[in-house]
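Asks: Could you work out the structure for the sequence below:
(one chain, ligands or ions: 1)
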Amino acid sequence: MKTTFNNQFPIVLLILSITGSNRLTSAARWYTALDKRQYYIEGSTKYNWLQAMDECSRLGLQLVVIDNPSKNEALVKLLRSIFRKSPDLWIGHHDEFNRAKNKNRAWYAASSGRVINFGYWRKGEERRKMNTVHKSIANQMAGKFTVVIFLTFLFGLCQLAAAADWDTASDGRQYLIETSVGYNWLQAVDQCSRRGLQLVVIDNEVKNNAIIDLIKSKFGSAKDLWIGHHDEYNTKKDKNRPWYSIATGQEITFSNWYISEPNNYKSQEHCAEMKSSAKFQWYDESCTDSYYGYICEEHYKTTQCHNDVQAKHYSTNEKNALLSSDFTETQTNIQNQLNQTRNETNAALLNWNKSSEVVFENFKKSLDGYLKKKPYLQAVVADIGDDINALAVEAKNEILNLNQQTQESLANVQLNAEQSVNNETLAFAEKIKIHNNEVDSLMSY
Ligand SMILES: [Ca+2]
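Replies: Okay, here's the model as predicted:
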């Protein structure tokens, strides 16, 4: 499958909560910036960063990534035109929970896991002039802020990671498993995103068992592994608190927690891992301070894409099979009709032959009878009788000859017609076959 990711999607801005003065009256609204990109703005609720991420994902959008000056400038101008006083805004950048205070530390796009080279930091602090708060991100992320979310459409994503080191599990799905314990949760998310994949989301028992079997068969007792579940920085120690998919933002209803988990120790455990020593049951852990391996899987949109393509492939094949069988049936019908016509024509000509002979014989008998009854014609008969007979025989032969010619001519016409129909149908059958092969090669990957 070719990579068909299109990075020309319109960008969207969502204002989720705006305190103080603003001119927005409705909850959601679309805006177009000077660079023609579109943003979706909504004002209602305060979100922390992960909640904002999830809200975008649920809408099929993403937190905006500002990776060049012109995009930044257009956004700043747009916001100034909308708000009298700019609210605090989340954007889709993070530093992978980097603890260093190095102002030059790398920042990453939440959508792709790739380093963002553009920056627009306020002097003295790692804050954007756009009031984006991600100083000391590990703490700030958990806080509730007045948030503006910039979103980018993700529609149309259909790509397969190139040459990923896949392992196939018993559920037929493929997984990429990294067992070296060098990654906090956001780093694990980025590692998958950079490959066009997602941190695995385990939402049913079959999948859970298939993954555990795969890990056991490949690594024996592997290291602990991050999975793509988080609780949106929920500080409650409620074991039944909801958990969400990093890929879709949707709540995950299946779980396989270890008996004492998810305990949210010190209210600091917001990310889920498969614990090797607990038979791969899940623990909630600190997203920032714990370092594990991870499991990636195909991005859910890629899976959707593949399923769509596969379904279309099957239905196209079904239609083609129907067409082929209809065509074969039609061809048989045509052949039968041609045969029938030929048989009927032959029979008709044969009958005509016979009746011609009968008519002639009758005529001859009648003539003979008539002549015998008229003795005074005997001399005439003796004189021209042979000539009449010869003429009659000639006429008869002429009729039979014409009959024969007609039969041959009709037979030729029919033969030509049959050959022509056969050639056309064979050519058509060949075309169907070629189209089927083309469809197969287009749809296979
Ligand atoms: Ca825990």
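
Asks: how about the one residue sitting closest to the centre of the chain, secondary structure?
Replies: For the chain, the residue nearest the mean C-alpha position is Cys305 (2.9 Å; C-alpha atoms, centre = their mean). Assigned with DSSP: H, G, I helix; E, B strand; the rest coil, Cys305 falls in the helix class.

Asks: For it, give its distance to Ala311.
Replies: Plainly put, Cys305 is 11 Å away from Ala311 if you go by C-beta to C-beta, to the nearest Å. (Glycine included, C-beta is placed from N, CA and C.)

Asks: ok, now Asp203?
Replies: Computed with C-beta to C-beta, the distance linking Asp203 and Ala311 is 21 Å.

Asks: Please apply the same query to Ala278.
Replies: 39 Å.

Asks: can you dump the C-alpha coordinates of stretch 94-110 into PDB?
Replies: C-alpha atoms of stretch 94-110 as PDB (Å, rounded to 0.1, in the frame of the first residue of the first chain):
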ATOM      1  CA  HIS A  94       5.600  18.200  24.300                       C
ATOM      2  CA  ASP A  95       9.100  17.500  25.500                       C
ATOM      3  CA  GLU A  96       8.600  13.800  26.400                       C
ATOM      4  CA  PHE A  97       8.600  14.700  30.100                       C
ATOM      5  CA  ASN A  98      12.100  15.900  29.900                       C
ATOM      6  CA  ARG A  99      13.300  16.800  33.400                       C
ATOM      7  CA  ALA A 100      16.200  18.900  32.300                       C
ATOM      8  CA  LYS A 101      15.800  22.700  32.500                       C
ATOM      9  CA  ASN A 102      17.800  23.000  29.300                       C
ATOM     10  CA  LYS A 103      15.900  25.700  27.300                       C
ATOM     11  CA  ASN A 104      17.200  24.100  24.100                       C
ATOM     12  CA  ARG A 105      15.800  20.700  24.900                       C
ATOM     13  CA  ALA A 106      13.900  19.000  22.000                       C
ATOM     14  CA  TRP A 107      10.200  19.400  21.600                       C
ATOM     15  CA  TYR A 108       8.000  17.000  19.700                       C
ATOM     16  CA  ALA A 109       4.800  17.000  17.700                       C
ATOM     17  CA  ALA A 110       2.100  15.000  19.500                       C
END
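
Asks: Now that stretch: buried residues?
Replies: Residues of stretch 94-110 classed as buried: His94, Asp95, Glu96, Phe97, Asn98, Trp107, Tyr108, Ala109, Ala110 (neighbour count, 16 or more other C-beta atoms under 10 Å).

Asks: Out of those residues, which sit inside strands?
Replies: His94, Tyr108, Ala109 (DSSP state E).

Asks: Which of these sits closest to the ion?
Replies: His94 (22.4 Å; C-beta to the ion).

Asks: surely the closest one meets Ser111?
Replies: No - counting by C-beta atoms under 8 Å, His94 does not reach Ser111; the two are 10.9 Å apart.

Asks: Gln198 in helix, strand or coil?
Replies: Per three-state DSSP, Gln198 ends up strand.

Asks: what's the nearest residue to it if we skip its chain neighbours?
Replies: Ala247 (4.3 Å; C-beta to C-beta, 6 or more residues apart in numbering).

Asks: re earlier: how about the ones in strands among the buried residues of stretch 94-110 in a markdown table, adding pLDDT and distance to the ion?
Replies: Converted to a markdown table, these look like this (pLDDT from 0 to 100; distance: C-beta to the ion, whole Å):
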| residue | pLDDT | distance to the ion |
| --- | --- | --- |
| His94 | 92 | 22 |
| Tyr108 | 93 | 26 |
| Ala109 | 92 | 29 |
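
Asks: By proximity to the ion, which residue of the stretch 51-200 of the chain wins?
Replies: Counting by C-beta to the ion, the stretch 51-200 of the chain gets nearest the ion through Trp185, at 13.1 Å.

Asks: That residue: how many residues sit nearby?
Replies: 29 (other C-beta atoms under 10 Å).

Asks: pLDDT at it, what is it?
Replies: pLDDT, Trp185: 97.

Asks: try Lys123
Replies: What the model reports as pLDDT for Lys123 is 67.

Asks: any idea how far the residue lying closest to Arg342 once chain neighbours are set aside is from Gln337?
Replies: In space, Arg342 comes closest to Gln414 once its chain neighbours are excluded; the distance is 5.3 Å by C-beta to C-beta, 6+ apart. Distance, Gln414 to Gln337, using C-beta to C-beta: 11 Å.

Asks: just Thr425 next, same as before
Replies: 13 Å.

Asks: got the CA coordinates for stretch 283-295 in CSV?
Replies: Below are the C-alpha coordinates for stretch 283-295, written out as CSV (Å, rounded to 0.1, in the frame of the first residue of the first chain):
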residue,chain,number,x,y,z
TYR,A,283,-0.2,-1.5,36.5
ASP,A,284,-0.8,2.2,36.5
GLU,A,285,2.6,4.0,36.7
SER,A,286,4.1,7.4,36.5
CYS,A,287,4.1,8.6,32.9
THR,A,288,7.2,10.7,33.6
ASP,A,289,9.4,8.7,36.0
SER,A,290,9.0,5.1,34.8
TYR,A,291,11.0,3.8,32.0
TYR,A,292,9.9,0.6,30.1
GLY,A,293,9.7,-0.9,26.7
TYR,A,294,6.6,-0.6,24.6
ILE,A,295,4.4,-2.2,22.1
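
Asks: Report the buried residues of it.
Replies: Quick answer for stretch 283-295 (16+ other C-beta under 10 Å): Tyr283, Asp284, Glu285, Ser286, Cys287, Thr288, Ser290, Tyr291, Tyr292, Gly293, Tyr294, Ile295.

Asks: ditto for stretch 337-346
Replies: Using 16+ other C-beta under 10 Å as the test for burial, stretch 337-346 gives Leu338, Arg342, Thr345.

Asks: All set now, cheers.
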